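>>> structure for this input, please:
(chains A, B, C and D)
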4 protein chains.
Amino acid sequence: MTTHRFVPNSFHNVIGSLPSALHIADGDTVVTETLDAAGYDKHDINRISGPNPMNGPIFVEGAEPGDSLKVEILSMVPTRDTGFTRNMVASNVVDPQDVRTLPASERVIWKIDREALTTRLAEPVAGLEDFTLPLSPMIGCFGVAPSLGQAISTATSGEFGGNMDYRLLGPGTTVWFPISAPGALFFLGDCHAVQGDGEIVGTGIETTFEVTVRLSVGKKRIIWPRGETADDIFTIGNARPLDQALQHATSEMLRWLGSDYGLDKTAASHLLGQVVRYDVGNVFDPAYTMACRVSKSWLKRR
Amino acid sequence: MTTHRFVPNSFHNVIGSLPSALHIADGDTVVTETLDAAGYDKHDINRISGPNPMNGPIFVEGAEPGDSLKVEILSMVPTRDTGFTRNMVASNVVDPQDVRTLPASERVIWKIDREALTTRLAEPVAGLEDFTLPLSPMIGCFGVAPSLGQAISTATSGEFGGNMDYRLLGPGTTVWFPISAPGALFFLGDCHAVQGDGEIVGTGIETTFEVTVRLSVGKKRIIWPRGETADDIFTIGNARPLDQALQHATSEMLRWLGSDYGLDKTAASHLLGQVVRYDVGNVFDPAYTMACRVSKSWLKRR
Amino acid sequence: MTTHRFVPNSFHNVIGSLPSALHIADGDTVVTETLDAAGYDKHDINRISGPNPMNGPIFVEGAEPGDSLKVEILSMVPTRDTGFTRNMVASNVVDPQDVRTLPASERVIWKIDREALTTRLAEPVAGLEDFTLPLSPMIGCFGVAPSLGQAISTATSGEFGGNMDYRLLGPGTTVWFPISAPGALFFLGDCHAVQGDGEIVGTGIETTFEVTVRLSVGKKRIIWPRGETADDIFTIGNARPLDQALQHATSEMLRWLGSDYGLDKTAASHLLGQVVRYDVGNVFDPAYTMACRVSKSWLKRR
Amino acid sequence: MTTHRFVPNSFHNVIGSLPSALHIADGDTVVTETLDAAGYDKHDINRISGPNPMNGPIFVEGAEPGDSLKVEILSMVPTRDTGFTRNMVASNVVDPQDVRTLPASERVIWKIDREALTTRLAEPVAGLEDFTLPLSPMIGCFGVAPSLGQAISTATSGEFGGNMDYRLLGPGTTVWFPISAPGALFFLGDCHAVQGDGEIVGTGIETTFEVTVRLSVGKKRIIWPRGETADDIFTIGNARPLDQALQHATSEMLRWLGSDYGLDKTAASHLLGQVVRYDVGNVFDPAYTMACRVSKSWLKRR
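From the prediction side, this is the model:
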């Protein structure tokens, strides 16, 4: 297994069937430095405009349509002392009649303490004088080339992954994406130092990271992204409204519980009915994200 | 402060402006035994048909429209050795094309061990042989008479509360409801021994409880239900789609953070943007439920 | 068959199981004068506050739960020379980020010419100097007592009818409602001189009418309101989002085409697939309204 | 102005920034023969797999991002004696619990009489023995390359157009699309002989056409597709749920009424509030389509 240090020459605002920028073997590890969501690098130099510039695509040998790409997020190291957010909740997450009460959203800088692994607003805000947050790094946007040769904006998401902004997609988590193109064509970027559920101000704390991932090909057909942490397994649905994202995630979980955990629809229903957890990813983008999560303590892999 | 033991003569399938069954002073405590969601009591005798029969209404002296009713859930003691669930996920929580793959839903019995405070399926199901769950009691349906003299089915929910099926609504939690009728007219019932997010099989583990609540009048105007646990504060929105429930809950949280925690829209946006948690209540009923939750560790009450 | 002139002593802001104000035989005709949506009568005297005060309930002999109430709208005669509207599209019918661009909504008066049967703004608006509309009367809100003894605000709608605001619900149209309470308990009010699809400013041209309806009991079980004009049959679904309202209306049409027109699911799918029309009723209220409409030219009643 | 006969060598399942297949001047006319939605030509020979193969892209000289492409649909002549449909309503247009009652959907052939300009089922269906429909040709899927270099499946739609399946998009109608790529890069295909609202069986009557369009560059910035028939103007929103598609279409109509018809938000609200019509396009695809339509009889172009 080789470890590749991947330094992109160019970045992309779409996830799609573009010429590969790196060619790796199944199971190789990749270390790469990401830009922030607006296209600035660790030196705060603008490299490309937004949204969410991607490093990639990475061609994984042996990956074929119908397979799944296993992405182990091994580490995320912040590489800059600042991040940015928007400072106002988005107009689509409040009651329509309340939109008029919201001041215009502005860009705000956060300080990142890379030793203490904390972050705080650069300019204090009344009522939040002590608001210092531990870093909780996550990848906002990653995935593989979608079907039909499509190339889809990194502002949105779908079966192929994309801009899901789900908090659990950080170090220690493994994710699987359904492969539609030869080589899978993996992209990643848009990493966050911290983010609440929903990315409801339209950003997490957007900054640059050195990300290390291991990429492997699974010979299992899946439809929506799946993931695993130390404690849980989860599936992800991306759609609007959230109801539909929840349907996608639940249907995918039923398939997974059936094929890998020996639970038919009835057993899976008993399990999910009493222990399922739903987590909200992005509710800011064209497609919203919902995760369906189950504690591994209830599961026995066959 | 008096403690009332409330033994209803009749039960109700609506929450509304009905003649009060109990009259209490502001701050009094009420102990009452609830039926299960199908109208069976602790002796498994049917007392009324479903949905979700309510004990109540309880008239609280001094409660006026525009006030809020504070409900402290002091204890929930299971009173029966059995509960029931449905055994199949509902057709509205899977992809429409997958509905055909679901067997018909049936009623299934669970054993409740009231000493160990655990529950398990009465008839084992393949793959779930060791599926014994700790009890995690919660009130599925409670609230106060809605506005305009309405009387609304306990199968749904709204600003007045109702069938929200949110896991955190159990012992130790305090909830506030917006009062629309003199005396508030409080109802409760439909308690669950355990329930996953969403109540996606259409039930939790439905059984009977002895519930103890303390009811007090707050002179604060709220629009949607609010709550507090040992760790968190939360607001609740009830609507379809989930997107709209999320809007209601977020708007209510912005109002609360502004009035009680000294956070203007910008400060509240910074807080929510990076630390908010959204929890899914019911996604089975006509109105879905979403909670917007914030850890109290970030808050200073003014 | 008797014709009753019904002069209510009181009006209602809910549709529900209230004591009946008029008792009629199956097939009788009722003539009654309605208030406008804000509770003003034909003399512009306020009789009750809004929303949408109802005349009723009318008890129809022989009507039992499981039956349907046939309502023939025989005539609607305007009884006042003025109506009112709001003057701004609602915040929920534009893109959330555009809400800030909308001025606050105000109440505006329209002149009604009861000889010419036209209406125009009392105060001219730039760009609409010649905006004179022919009257196109319709009943905004009507229906029967819902199930379970519920009483539901006239600001919304459901299986029982209610505030549907659908343009075709005017003179010459027949509507059927599913009956849940003995006597059906029919209510009507909230009539409009004109209204575009969706009631997107939150009102039609709200005024008072003398309405004549004939009420008869049908021994057919239906789930959602159905209707018939000279040209078409239609079914109505009430829910949010519109997608769900459309599902209700389509499911009801499939049932109707099966039971009364001899079309199995395949034949009905061919018909609807190529000739169905969907009409938008209310998209302002808590529940939205969608009608599924088919030209009678394609149908042969069995 | 030149007329080009465009015979594609290849077809595309995406609309995006692909190499142009034809280069024309601003104002030129193009005549081209389309495949059916499944990729079969007028000789019933399969040329490519689905979904919805496109002829194009056509590069229009002078078209720049920020402009709009005017597409006049001059004629649509059917070129085959058969079309096909699915024979069952889609699972997403009925109530979820009703999905189980629907037989599996099958492909069915229709006969097309190109002299009489009518169509009927090749195999009669009970209850529809006389079901002969006049042809009402329309383009199901057309549009221009989307922003950011995206390439998007012809199974869906967006600001750039795409698979909108709106009945009024036929001969005599003019449509404008917002241009995001140099040359606009216009695609079209997926024509229907007839189609009901919503394309609720997942198809119209899918067949091949010779389509004639004139393409011109407008120096006006628009956000969503706009159109004009002999009688009406309309705007189109594409999104899920329908509520959001309606918001997009309404917001675009407000912009149009303001810029071209001298109606400020208040005047436009009065107009739309009383005369707007909403038409349902596709409710089968990932994005649904809603049109906001106004009769030209009420409008004076400035």
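>>> contacts and neighbour counts: CA atoms only from here.
Will do.
>>> contact partners for A:Val71?
Neighbour list for A:Val71: A:174-176, A:213-216 [criterion: C-alpha atoms under 8 Å, 6 or more residues apart in numbering or on different chains].
>>> mind giving me the domain ranges of chain A?
According to automatic domain parsing, chain A comprises the domains A:3-81+A:135-218, A:226-298.
>>> residues touching A:Phe234, list them.
Neighbours of A:Phe234 in contact, by C-alpha under 8 Å, 6+ apart: A:226-228, A:253, A:291-294.
>>> generate TSV for the residues you listed, with pLDDT and distance to B:Gly66 as supplementary columns.
Compiled in TSV, the contacts of A:Phe234 are given as follows (pLDDT from 0 to 100; distance: C-alpha to C-alpha, whole Å):
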residue	pLDDT	distance to B:Gly66
A:Arg226	98	47
A:Gly227	98	46
A:Glu228	98	47
A:Met253	98	44
A:Ala291	98	38
A:Cys292	98	38
A:Arg293	98	39
A:Val294	98	41
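>>> buried among those residues? Make that a PyMOL selection.
Buried subset of those, written as a PyMOL selection, criterion 16 or more other C-alpha atoms under 10 Å in any protein chain shown:
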select buried, chain A and resi 226+227+228+253+291+292+293+294
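>>> redo the contacts of A:Phe234 as JSON lines? Include distance to chain B and secondary structure.
Below are those laid out as JSON lines (distance: C-alpha to the nearest C-alpha, whole Å; DSSP: H, G, I helix; E, B strand; the rest coil):
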{"residue": "A:Arg226", "distance to chain B": "16", "secondary structure": "strand"}
{"residue": "A:Gly227", "distance to chain B": "19", "secondary structure": "strand"}
{"residue": "A:Glu228", "distance to chain B": "19", "secondary structure": "strand"}
{"residue": "A:Met253", "distance to chain B": "10", "secondary structure": "helix"}
{"residue": "A:Ala291", "distance to chain B": "11", "secondary structure": "strand"}
{"residue": "A:Cys292", "distance to chain B": "9", "secondary structure": "strand"}
{"residue": "A:Arg293", "distance to chain B": "10", "secondary structure": "strand"}
{"residue": "A:Val294", "distance to chain B": "10", "secondary structure": "strand"}
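>>> and the strands in the stretch 151-300 of chain A?
Secondary structure of the stretch 151-300 of chain A (DSSP state E, counting those that start in this stretch): strands at A:151-153, A:157-158, A:161-163, A:174-178, A:186-192, A:209-218, A:226-228, A:232-239, A:277-280, A:288-295.
>>> average pLDDT for the shortest one, rounded please.
The reference is to strand A:157-158. Rounded to a whole number, the mean pLDDT of strand A:157-158 is 98.
>>> does it come close to chain D?
No - Strand A:157-158 lies out of reach of chain D by C-alpha under 8 Å from any C-alpha of the partner chain, never closer than 10.4 Å.
>>> report all helices and strands that that strand contacts.
strand A:232-239 (3 or more C-alpha pairs under 8 Å, 6 or more residues apart in numbering or on different chains; DSSP states H and E).
>>> just the buried residues of the strand it packs on, please?
A:233-239.
>>> neighbouring strands - and their directions - for it?
strand A:226-228 (antiparallel), strand A:288-295 (antiparallel) (DSSP bridges).
>>> quick one: low-confidence ranges for chain A?
Across chain A, residues meeting the criterion (pLDDT under 70) sit at A:302.
>>> in it, which spans are helices?
A:242-261, A:265-275 (DSSP state H).
>>> need those helices in TSV (columns: distance to B:His12).
Converted to TSV, the helices of chain A look like this (distance: least, C-alpha to C-alpha, whole Å):
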stretch	distance to B:His12
helix A:242-261	30
helix A:265-275	26
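>>> so which of those helices gets nearest chain C?
helix A:242-261 (10.4 Å; C-alpha to the nearest C-alpha).
>>> list the buried residues of that closest one.
A:242-257.
>>> now, which of those residues lie close to chain C?
Counting by C-alpha under 8 Å from any C-alpha, no member of the buried residues of helix A:242-261 is near chain C.
>>> may I ask which two of those are separated the most?
A:Leu242 and A:Leu257 (22.2 Å; C-alpha to C-alpha).
>>> sorry, back to before: tell me the one of the contacts of A:Val71 nearest C:Val275?
Taking the contacts of A:Val71 together and measuring to C:Val275 by C-alpha to C-alpha, the closest member is A:Trp176, at 43.5 Å.
>>> so what's that closest one bridging to?
A:Lys70, A:Arg226.
>>> so it touches A:Pro225, yeah?
Yes - contact status for A:Trp176 versus A:Pro225: in contact at 5.5 Å, counting by C-alpha atoms under 8 Å.
>>> what residues do those two have in common as contacts?
Contacts common to A:Trp176 and A:Pro225, judged by C-alpha under 8 Å, 6+ apart, are absent.
>>> related to what we said a few turns ago, so which of the contacts of A:Val71 is the most crowded?
A:Trp176 (27 neighbours; other C-alpha atoms under 10 Å in any protein chain shown).
>>> hmm, back to that, and which of the buried residues of strand A:232-239 is nearest to chain B?
Nearest member of the buried residues of strand A:232-239 to chain B, counting by C-alpha to the nearest C-alpha, is A:Gly237, at 10.5 Å.
>>> appreciated, that's everything.
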